[in-house]
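1. No letters, just coordinates:
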């Protein structure tokens, strides 16, 4: 596809790739192939996450007969179900509704037999949606720790390690509570590397990490803990369920959708449009603004030298970056990535980008992400907007919304982490 034919269509193409990534992880598509056979006894469905309600609906559509259950999802992410109760609660900072749902869920699985099956539907966001704390810790404590973790710059794996050791459900405790029933967990992954123990902090997955590991993370990021919360970690009272625990024997864990699957779906859309797509990684981590600079440098190498790929092409990546909050702006890791990339590109001709969270929520805003073009910085200057100042304030949402370049999907009912696409349209420049 030549540059002329692409003029005016870059944003539409990138949005089509984003839509394809989201569609590939829709529960109606990815859940049914992994459903377990009917048990001799009861089938109890539980779950948590931004995709859990849609996963429950997929179960109801494909499992005839009697079943019961309870899943908790983010406010605005509920879908109608007939046999499985759907509860909404807060994300990313937990609330009382999530606490009550977690208590009820624990009661629901408390008297099961070996003839029963528990089908657990887990997706990203489940950590804050199942906030039942260990004895001696309050919901207020969990909220304060969550806020501190979100602002610290810790990776999702590090945050979830701390959460597992302060929870009455995470780190395999929910699966242990289901014993002696057979447990089947279906996972939609939103974490780099797809480690089951990190998806919603692993409520039904054995946890090899320790309270000492959690304390190391707390010290590394200077997170202040109330004395009674610190005592839970220092005393070992917060130790999670380990891989050799007999209560988890026979437990099945199935990944039904992953960031890699979503990126491959997006790549197929690009290829059908006649543009080569290159997946650079499905688990990129690091500070969002630093990853933005690196991706901008790669795009410049493609645009100016045709290395390592010839344009036109699309550079795709997924994973979960972090933002160390320094300012008072309306930020999110995807818009922070994009703003840093746009600043580094300095209006380079023929380079466009889109990044968004596949759950439709970047940071704490109901905005999935944003789009930039070679004209972004000039348009911002025309509006007296200062890109670097916006980045310093962690105000990516404010910056892109002012330009009309926010990407809003609404609730997507799934979550396979971040999606990033950089489109380089023009031929490489030849040295004189």
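-> Cool, got the structure. Bear in mind that the values here come from a model prediction, so they are computed numbers and not experimental data.
2. Just the terminal-to-terminal distance for stretch 151-159.
-> Using Cα to Cα, to the nearest Å, the end-to-end distance of stretch 151-159 comes to 11 Å.
3. ugh, wrong one, I meant stretch 86-102
-> The stretch stretch 86-102 measures 12 Å between its terminal residues, going by Cα to Cα.
4. pLDDT of it, averaged?
-> Stretch 86-102 comes out with an average pLDDT of 95.
5. What are the buried residues along that stretch?
-> Taking 16 or more other Cβ atoms under 10 Å as the basis for neighbour counts, the residues of stretch 86-102 that come out buried are 86-92, 94-95, 97-99, 101-102. The C-beta positions use only the backbone N, C-alpha and C, and glycine is treated the same way.
6. before we move on, what about stretch 371-391?
-> Counting neighbours by 16+ other Cβ under 10 Å, one finds that the buried residues in stretch 371-391 are 371-374, 376-377, 379-380, 385, 387, 390-391.
7. Residue 36 falls within a strand, correct?
-> No - secondary structure assignment (DSSP: H, G, I helix; E, B strand; the rest coil) places residue 36 in coil, not in a strand.
8. Can you tell me how far the nearest residue to it once chain neighbours are set aside is from residue 37?
-> The spatial neighbour of residue 36 that comes closest, neighbours along the chain excluded (Cβ to Cβ, 6 or more residues apart in numbering), is residue 184 at 4.6 Å. In this structure, residue 184 and residue 37 are separated by 10 Å, where distance is defined by Cβ to Cβ, to the nearest Å.
9. quick one on the thing from earlier: the residue nearest to residue 36 contacts residue 250, correct?
-> No - here residue 184 does not reach residue 250: they are 9.9 Å apart, not a contact under Cβ atoms under 8 Å.
10. The two: which has the busier surroundings?
-> Applying other Cβ atoms under 10 Å to residue 184 and residue 250 shows that residue 184 carries more neighbours, namely 22 against 11.
11. Provide the partner residues of the more buried one in its beta bridges.
-> Bridge pairing for residue 184 (DSSP bridges) gives the partners residue 119, residue 252.
12. Residue ranges in the stretch 151-300 of the chain under the pLDDT threshold?
-> Within the stretch 151-300 of the chain, no stretch falls below the threshold (pLDDT under 70).
13. Check the gap between residue 71 and residue 163 for me.
-> The span separating residue 71 from residue 163 equals 19 Å under the rule Cβ to Cβ.
14. Looking at these two, which has the bigger crowd around it?
-> Here residue 71 and residue 163 are compared on neighbour count by other Cβ under 10 Å; more neighbours surround residue 71, at 31 against 25.
15. so the more buried one, which of the three states?
-> Note that with three-state DSSP, the state of residue 71 is strand.
16. how about it, what does it touch?
-> Taking Cβ atoms under 8 Å, 6 or more residues apart in numbering as the contact definition, residue 71 lies against 45-48, 52-53, 55-56, 84-87, 121.
17. Which ones among those map onto helices?
-> When the contacts of residue 71 are checked against helices using DSSP state H, the ones located there are 52-53, 55-56.
18. ok, the residues you listed vs residue 133, which is closest?
-> residue 52 (20.5 Å; Cβ to Cβ).
19. Just list whatever residues bridge to the residue nearest to that closest one when sequence neighbours are not counted.
-> Leaving aside its chain neighbours, residue 52 sits nearest to residue 71 (4.3 Å; criterion: Cβ to Cβ, 6+ apart). On the basis of DSSP bridges, residue 71 takes part in beta bridges with residue 47, residue 86.
20. So for residue 71, what's the pLDDT?
-> Per-residue confidence (pLDDT) for residue 71: 98.
21. Tell me which of the buried residues of stretch 371-391 has the lowest pLDDT.
-> Least confident entry in those, by pLDDT: residue 385, with 84.
22. who's in contact with that one?
-> For residue 385, the residues meeting the contact criterion (Cβ under 8 Å, 6+ apart) are 399, 402-403.
23. Mind checking which of those residues land in helices?
-> Taking DSSP H as the definition of helices, the contacts of residue 385 contribute 399, 402.
24. quick revisit: present the contacts of residue 71 as CSV; the columns should include distance to residue 150.
-> As requested, the contacts of residue 71 are exported to CSV (distance: Cβ to Cβ, whole Å):
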residue, distance to residue 150
45, 30
46, 26
47, 23
48, 18
52, 21
53, 23
55, 25
56, 27
84, 30
85, 29
86, 25
87, 23
121, 24
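25. For PyMOL, write the select line for the buried members of those residues.
-> Here is the PyMOL selection string for the buried members of the contacts of residue 71, based on 16+ other Cβ under 10 Å:
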select buried, resi 45+46+47+48+52+53+55+56+84+85+86+87+121
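26. Tell me the one among the contacts of residue 71 nearest to residue 411.
-> Of all the contacts of residue 71, residue 411 sits closest to residue 53, with 9.4 Å by Cβ to Cβ.
27. So that closest one sits against residue 75, correct?
-> No - at 11.1 Å, residue 53 and residue 75 do not qualify as touching, with contact defined as Cβ under 8 Å.
28. Just the endpoints, please. Distance across stretch 37-51?
-> For stretch 37-51, the end-to-end distance is 22 Å (Cα to Cα).
29. Sounds good, over and out.
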